[in-house]
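Trainee: Here's a sequence, model it:
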Amino acid sequence: MDDRTEIKEFLASRRARITPEQAGLPAYGGNRRVKGLRREEVALLAGVSVDYYVRLERGNLSGASDGVLHGVARALQLDDAEREHLFELARRATGPAPATRRRSPTKPPPPALQHMLDAISDAPAWIRNDRHDVLATNRLARALYAPILADPRRPANTARFIYLDPAARDFFTDWDKAADDVAAMLRAEAGRNPHDRNLTDLIGELSTRSEVFRKRWADHNVRHHRAGVKRLHHPAVGDLELHFEAMTLTSDPALTLLIYTAAPDTPSADNLRLLATWAATQDHPTPTHPHKEQHP
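Mentor: Have a look, this model is predicted:
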């Protein structure tokens, strides 16, 4: 998708979700021909002329000042991830991308990072890149993510697992949320790093093979995923409700460290200890289900 179309569809999709009532505007009678706010209403809320906002929504963010972008973000009630995405799109529209852009690593991280993971013995810990490739794990993470790592392709990829492997719907108790989250995170990364060939290849693969992904991709949602709860059903130990923290590594901002923990004195804590026992017997976890590829 070209930049102008990306801008147009992102702004139009954000406008469509806000009603006049939500924006604090009077909803005059009669049938509204648009879903959500009208362009003139967004222009009023953003403090710009109607003609100027129409120009923006037609995909021309070139030269838009930070003040204008903040006004549009405020009018459209953008959250932090959406606001960051809007500014990324504006930067791309203002001039050519830098000659050197951050590219997500595809190889295992340096040994020191693996040693750090291995030192974390009571919690699943792993490192991924911005495409959601699983690049390094500790023993407990290898056990936890055994269904994902059953894919013989390396690096294993959680987005590919969620959308293309039928086992994902059993593994992720909140599969719809997991699918929403990963599509929104990939969309945000595409805004930050649109020339990453491996990223565009992954998005192309998912778009080609999964109608469900295509629909979510068309929603233009973007999202941060820094902390929260994962609800999983592990084939060896059953249900797990795990709290996670995602931390960008200072040594390489393209890498994210994730650590999962269970609340003390809960069934999930018991099952996590059981998983640790199971992991001790699994030097190389074997697939717990036949790997199949889904062709929507």
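Trainee: Give me the below-cutoff pLDDT ranges for the stretch 151-296 of the chain.
Mentor: Within the stretch 151-296 of the chain, the stretches with pLDDT under 70 are 283-296.
Trainee: Which other helices and strands does the longest helix seen in the chain contact?
Mentor: For the chain, the helix with the greatest residue count under DSSP state H is helix 175-192. Other helices and strands packing on helix 175-192, by 3 or more Cβ pairs under 8 Å, 6 or more residues apart in numbering; DSSP states H and E, are helix 80-94, helix 158-164, helix 168-171, helix 197-209, helix 211-218. Where C-beta positions appear, they are placed from N, C-alpha and C, glycine not excepted.
Trainee: Among these, single out whichever gets nearest to residue 234.
Mentor: Residue 234 lies closest to helix 168-171 among these, at 7.5 Å (Cβ to Cβ).
Trainee: ok, residues contacting that closest one?
Mentor: 147-148, 161-162, 175, 178, 232-235 (Cβ atoms under 8 Å, 6 or more residues apart in numbering).
Trainee: rewinding a little: which parts of the longest helix of the chain are buried?
Mentor: 178-179, 181-192 (16 or more other Cβ atoms under 10 Å).
Trainee: List the contacts of that helix.
Mentor: 6, 81, 84-85, 88-89, 92, 104, 130-132, 158-159, 162-163, 168-169, 172, 196, 199-200, 202-203, 212-213, 216-217, 219-225.
Trainee: again with stretch 229-239
Mentor: So stretch 229-239 is contacted by 143-144, 146-147, 170-174, 240-244, 260, 267-268, 271-272, 274-275, 278, 288-289 (Cβ under 8 Å, 6+ apart).
Trainee: do that again at 6 Å, thanks
Mentor: 170, 173-174, 240-244, 271, 274-275, 278, 288 (Cβ atoms under 6 Å, 6 or more residues apart in numbering).
Trainee: ok, which stretches of the stretch 1-150 of the chain are helices?
Mentor: Taking DSSP state H, counting those that start in this stretch, the helices of the stretch 1-150 of the chain run over residues 3-16, 20-23, 39-46, 50-57, 66-75, 80-94, 111-119, 139-144, 146-149.
Trainee: Remind me what the third one packs against, helices and strands.
Mentor: So that's helix 39-46. helix 50-57, helix 66-75 (3 or more Cβ pairs under 6 Å, 6 or more residues apart in numbering; DSSP states H and E).
Trainee: Turn these into TSV, including distance to residue 207.
Mentor: Shown next, in TSV, are those (distance: least, Cβ to Cβ, whole Å):
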stretch	distance to residue 207
helix 50-57	24
helix 66-75	28
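Trainee: These into JSON lines, with extra columns for mean pLDDT?
Mentor: Shown next, in JSON lines, are the helices and strands packed on helix 39-46 (pLDDT from 0 to 100):
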{"stretch": "helix 50-57", "mean pLDDT": "96"}
{"stretch": "helix 66-75", "mean pLDDT": "97"}
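Trainee: Rebuild those as JSON lines, extending it with distance to residue 41 and mean neighbour count.
Mentor: Shown next, in JSON lines, are these (distance: least, Cβ to Cβ, whole Å; neighbours: other Cβ atoms under 10 Å):
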{"stretch": "helix 50-57", "distance to residue 41": "9", "mean neighbour count": "17"}
{"stretch": "helix 66-75", "distance to residue 41": "8", "mean neighbour count": "17"}
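Trainee: quick one, which of the ones you listed is nearest to residue 125?
Mentor: helix 66-75 (34.8 Å).
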